[in-house]
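Trainee: pasting the structure only:
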């Protein structure tokens, strides 16, 4: 009798605790990384499901690592699987300014095949788990001077198909997507591409970029009367208008700030004219964006985003913080998305940082736990050939 009561109690406890933990298990936490080899030792591999090496470049038609330190960083990432056996380590190509020849190389079948063969070779050599493409941008203007043509859209589709065909079903294939309307409308043939990818990493940051002469929220969760671009605007368009399975969509968080100078004090600098000044990692906020540095902090309840203004030097700052990152994570849960990613892990603090906020919010606990990657990669409302 005593044994039965113990078993019944254990079963009830399991049934109560399982739903929250299961919800956390299904969410990807994807860390882009562009920091030093040494700093990787200070981050726990149990706090993310994927880590992405940033960035490879094209040399001819092939994926190329630029320096010996890149090899060491990738090897270090793979060794982190000793901490988290389910960790996925991805190579990536491109980044802002890093895809100058992409339009030409991926514009030919020969170029695509040679590139994919090189990715497969590197994947086999390092024991990594796939590829993330960060071509900024197919079809539309991106980094100044980089070629873009209408055929990029179809060529991007063919590139994704070739990657899936050559790397196989078990490999992760993802791409970084601009969170702004022009990218969503013109850069990607969504219905053709989505059946072949695990995730789309939505860059729902830099929505007000360095070329803007007017301030705004660079990583707003929701739109405002003065700013349509937001994570919600991007995500709901892809789900409701394009018909993408939300489990394949990854919201993006910014572990950094953007600042503008020569900004007038009206509305505490928000939506005013200014000149882009700097990019500041979250781990530098205490020295550079803080009360001691002259900033006052504000919260936009419509955008669900923080901002700050330094009246002494007329500088405006826009960023994610713990509150906004927690709200983005809750948005993932509410809308049954695939997970959350961020640029970039090297900007976080080693303890009590933004990554810890993501883990705490996912698990609804004060301590972080191991998160397992989403296993529902290939469900898609779009009919397609199987791979």
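Mentor: Happy to help now that I have it. Quick caveat: nothing in here was measured; it's all calculated off a predicted structure. Numbers count the residues shown, from 1 in each chain.
Trainee: tally of neighbours for residue 190?
Mentor: Around residue 190 there are 17 other residues, counting by other Cβ atoms under 10 Å. Yep, even glycine has a C-beta here, placed from its N, CA and C like the rest.
Trainee: is it correct that it is in contact with residue 242?
Mentor: Yes - contact criterion Cβ atoms under 8 Å: residue 190 and residue 242 qualify, at 4.8 Å.
Trainee: and residue 290, how close does it get to residue 79?
Mentor: Going from residue 290 to residue 79 by Cβ to Cβ, to the nearest Å gives 36 Å.
Trainee: what segments of the stretch 201-350 of the chain are helices?
Mentor: Remark: helices assigned in the stretch 201-350 of the chain by DSSP state H, counting those that start in this stretch are 231-236, 285-288, 322-334.
Trainee: among these, which is the most enclosed?
Mentor: Stretch with highest mean neighbour count among the helices of the stretch 201-350 of the chain: helix 231-236 (a mean of 22; mean count of other Cβ atoms under 10 Å).
Trainee: who's in contact with it?
Mentor: The contact list for helix 231-236, computed with Cβ atoms under 8 Å, 6 or more residues apart in numbering, reads 179-181, 184, 202, 204, 219-223, 246, 249, 251-252, 328, 331, 335, 337.
Trainee: ok, now stretch 275-286?
Mentor: For stretch 275-286, contacts defined as Cβ under 8 Å, 6+ apart pick out 209-213, 255-262, 288-289, 292, 315, 317, 319-320, 346-349, 353-354.
Trainee: switch the cut-off to 7 Å
Mentor: The contact list for stretch 275-286, computed with Cβ atoms under 7 Å, 6 or more residues apart in numbering, reads 210, 212, 255-262, 288-289, 315, 347-349, 354.
Trainee: try stretch 218-230
Mentor: 179-180, 204-208, 216-217, 231-233, 253-254, 258, 271, 300, 302-305, 318, 320, 324, 327-328, 331.
Trainee: again, but for stretch 350-369
Mentor: 20, 24, 27, 29, 42, 47, 253, 255, 282, 320, 322, 325-326, 329-330, 340, 348, 371.
Trainee: mean confidence for it?
Mentor: Mean pLDDT, stretch 350-369: 82.
Trainee: how about that stretch: buried residues?
Mentor: Buried positions in stretch 350-369, judged by neighbour count with 16 or more other Cβ atoms under 10 Å: 353, 354, 355, 356, 357, 358, 359, 360, 361, 362, 363, 368.
Trainee: now it, how far from the centre of its chain.
Mentor: Distance of stretch 350-369 from the chain centroid (Cα atoms, centre = their mean, to the nearest Å) equals 17 Å.
Trainee: please renumber so the chain begins at 35
Mentor: That works, and once the first residue is 35, the last one we named lands at stretch 384-403.
Trainee: sorry, back to before: would you turn the helices of the stretch 235-384 of the chain into a markdown table with mean pLDDT and distance to residue 120?
Mentor: Output for the helices of the stretch 235-384 of the chain, formatted as a markdown table (pLDDT from 0 to 100; distance: least, Cβ to Cβ, whole Å):
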| stretch | mean pLDDT | distance to residue 120 |
| --- | --- | --- |
| helix 265-270 | 98 | 26 |
| helix 319-322 | 98 | 32 |
| helix 356-368 | 98 | 19 |
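Trainee: what about the contacts of stretch 384-403, which are in strands?
Mentor: Here DSSP state E is the test, and those give 63, 287, 374 as lying in strands.
Trainee: can you count the residues close to residue 350?
Mentor: Counted with other Cβ under 10 Å, the neighbours of residue 350 add up to 28.
Trainee: apart from its neighbours in sequence, what residue is nearest it?
Mentor: residue 303 (3.5 Å; Cβ to Cβ, 6 or more residues apart in numbering).
Trainee: that neighbour contacts residue 295, doesn't it?
Mentor: No - look at residue 303 against residue 295 with Cβ atoms under 7 Å: they stay out of range, at 10.2 Å.
Trainee: so those two - more neighbours on which side?
Mentor: Set side by side, residue 303 and residue 295 show more neighbours around residue 303, with 25 against 14, by other Cβ under 10 Å.
Trainee: and residue 379, how far from residue 81?
Mentor: As judged by Cβ to Cβ, residue 379 and residue 81 stand 9 Å apart.
Trainee: buried members of the contacts of stretch 252-264 into PyMOL, please.
Mentor: Buried subset of the contacts of stretch 252-264, written as a PyMOL selection, criterion 16+ other Cβ under 10 Å:
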select buried, resi 213+214+238+239+240+241+242+250+251+265+266+267+287+288+292+305+334+337+338+339+352+354+358+361+362+365
